[in-house]
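K.L.:
pasting a predicted model and its sequence here:
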Amino acid sequence: MSSASAPTRFLTGITTTGTPHLGNYVGSIRHSVRFSQRPDVQSYYFLADYHALIKCDEPARIQRSTLEIAASWLACGLDPERVTFYRQSDIPEIPELTWFLSCVTGKGVLNRAHAYKAAVDRNTAAGTDPDADVSIGLFMYPALMAADILMFNAHKVPVGRDQVQHIEMARDMAQRFNHLYGEHFTLPEAEIDDAVALLPGLDGRKMSKSYGNTIPLFSPRAQLQKLIAGIVTDSRAPGEPKDTEGSALFQIYQAFATAEETDALRKAYAEGIAWGDAKQVLVDRIDQEVAPLRERYDALMAEPQRIEDTLRAGGEKARVLSRELTARLRHAVGLRNLGQLGSGGQPAKAAKAARPAFKQYRESDGRFYFKLQDARGTVLLQSLGFDSPQAAGRAIAQLQSDGEAGLAALAAQLEPLDNAGSVAVRQALAVLAETAADTSARAS
């Protein structure tokens, strides 16, 4: 990387329990796909099939929903080469991190989770045991969601206002873990976009699977026409002026139309357009945008193995990070290689080959660079270009002698680091400093 600042990392999860509908498209998919194309954004999208198990005990439904949701996002333009698009269950490090977090999180924190409290309140009102039919999965949902976010050290998590509490809980868990074991996690922030449309359903309420009022995103045109014909309207006859305020039909149209098209329909409402004609205008406008996407969706649905291969590839891409972070976390909490202990159970001195090291080199632009690698060759720190090898060498020497202070002093000449990366670099510099001190002591 040669940019002056690192991209902001966004993470979005989609629970695999239903068929995508127009509300999902307008409220999430369309906006997210466009957002993922920004050069200053690094996007992670995952199919939350572990979360689905909390809500659904129908295996075939979860499998079908996973296929439909993956096909929908890909059909709408999500580029798996540009983003990291994966299935939650393909990342085995996520349940391991869930356990780590659960071991540092008080039960009282999870007692306050909205979903759990709602279940307890329903049971209490019904006069039954407060925890009746409450699974451990439901109770632990916030810890699993925190693991999803913290595994990739996401900076921002786009959520609705009802999910903000879960982001705050993820921050609390990250802070607690960092306090006990060192700075491993970035503290995520909720990203709420009030400009994203909330689409009404066929009955005027929020479009939702739980209300049974949805319009499937990729309904064939004939089915789309039939569903829109069923949108609830008032009894005003053709020729009578109609209100756009509170009109589900108008709100859905507005979510797809340009400002000019919306003004035209508003004028038609004032002039008394017939409801049947207004519904046909809506069918035509939705189909104008969705028809090309539907064609791609149908092609993807006809090749499930193609989608499977895409998700598997995304999972391997994600695991480059998840494996590396989990290795650090396991070491931090004490799940370590016993062979690294010397006689009497004392930590053995690291072999020379297992130490971090600086590598200095020249690039094709004629400038001189260096990088700090750990024992496995993973790049922990990358410099920007220097005019001479001597200048690069002096910077390396300053880092080796001054450690964290040198890191701060040379910040303008280094690629930026997130919290976890900064911790890894400081640890590596400490190892180098200890090695230098040992060498000096032996020489004297």
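P.N.:
That came through, no problem.
K.L.:
wait, doesn't residue 256 sit right on residue 284?
P.N.:
No - here residue 256 lies out of contact with residue 284, judged by Cβ atoms under 8 Å, at a distance of 10.2 Å. Where you see a C-beta, it was placed from the backbone N, CA and C, and this is true even at glycine.
K.L.:
please say which of the two ends up with more neighbours.
P.N.:
Using other Cβ atoms under 10 Å, the more surrounded residue of residue 256 and residue 284 is residue 256, with 21 against 11.
K.L.:
distance between the ends of stretch 355-375?
P.N.:
Terminal residues of stretch 355-375 are spaced 5 Å apart (Cα to Cα, to the nearest Å).
K.L.:
show me where this protein has its strands.
P.N.:
8-15, 41-48, 84-87, 156-158, 189-191, 357-362, 368-373, 379-382 (DSSP state E).
K.L.:
residue contacts, residue 90?
P.N.:
311-312, 314-315, 318-319 (Cβ atoms under 8 Å, 6 or more residues apart in numbering).
K.L.:
do that again at 6 Å, thanks
P.N.:
Counting by Cβ atoms under 6 Å, 6 or more residues apart in numbering, residue 90 makes contact with residue 315.
K.L.:
mind listing what's buried in stretch 264-280?
P.N.:
265, 268-269, 273, 275, 278-279 (16 or more other Cβ atoms under 10 Å).
K.L.:
swap in stretch 121-138?
P.N.:
123, 134, 138.
K.L.:
and for stretch 226-237?
P.N.:
So, applying 16+ other Cβ under 10 Å, buried residues of stretch 226-237: 227-228, 231, 233.
K.L.:
contacts for it?
P.N.:
With Cβ under 6 Å, 6+ apart, stretch 226-237 has contacts from 202-204, 215, 242, 248-249, 275, 279, 282-283.
K.L.:
now a PyMOL select for only the buried ones of those residues.
P.N.:
Buried residues within those, by 16+ other Cβ under 10 Å, are selected in PyMOL with:
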select buried, resi 202+204+215+242+248+249+275+279+282+283
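K.L.:
check the contacts of stretch 226-237 and tell me the two furthest apart.
P.N.:
The span of the contacts of stretch 226-237, defined through Cβ to Cβ, is set by 215 and 242 at 21.1 Å.
K.L.:
follow-up on the earlier one: adding mean neighbour count, write the strands of the chain out as TSV.
P.N.:
Listed next are these as TSV, based on neighbours: other Cβ atoms under 10 Å:
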stretch	mean neighbour count
strand 8-15	21
strand 41-48	22
strand 84-87	23
strand 156-158	20
strand 189-191	17
strand 357-362	14
strand 368-373	19
strand 379-382	18
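K.L.:
that older thread, out of the buried residues of stretch 226-237, which sit inside helices?
P.N.:
If you go by DSSP state H, the buried residues of stretch 226-237 have 227-228 in helices.
K.L.:
in JSON lines: the buried residues of stretch 226-237, plus pLDDT and distance to residue 8.
P.N.:
Putting the buried residues of stretch 226-237 into JSON lines (pLDDT from 0 to 100; distance: Cβ to Cβ, whole Å) gives the following:
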{"residue": "227", "pLDDT": "95", "distance to residue 8": "38"}
{"residue": "228", "pLDDT": "95", "distance to residue 8": "38"}
{"residue": "231", "pLDDT": "92", "distance to residue 8": "39"}
{"residue": "233", "pLDDT": "91", "distance to residue 8": "43"}
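K.L.:
wait, which of the buried residues of stretch 226-237 is closest to residue 358?
P.N.:
When the buried residues of stretch 226-237 are compared against residue 358 (criterion: Cβ to Cβ), the nearest one is residue 227, at 63.5 Å.
K.L.:
for the stretch 301-444 of the chain, what are the low-confidence residue spans?
P.N.:
The model of the stretch 301-444 of the chain has pLDDT under 70 over residues 342-354, 434-444.
K.L.:
quick one: which of the strands of the chain is nearest residue 198?
P.N.:
Using Cβ to Cβ, the strands of the chain put strand 156-158 closest to residue 198, at 14.1 Å.
K.L.:
which residues touch the closest one?
P.N.:
Contacts for strand 156-158 (Cβ under 6 Å, 6+ apart): 10-12, 149, 167, 188-191.
K.L.:
dump those to JSON lines, plus distance to residue 68.
P.N.:
Formatted as JSON lines, the contacts of strand 156-158 follow (distance: Cβ to Cβ, whole Å):
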{"residue": "10", "distance to residue 68": "23"}
{"residue": "11", "distance to residue 68": "21"}
{"residue": "12", "distance to residue 68": "17"}
{"residue": "149", "distance to residue 68": "25"}
{"residue": "167", "distance to residue 68": "27"}
{"residue": "188", "distance to residue 68": "28"}
{"residue": "189", "distance to residue 68": "30"}
{"residue": "190", "distance to residue 68": "27"}
{"residue": "191", "distance to residue 68": "25"}
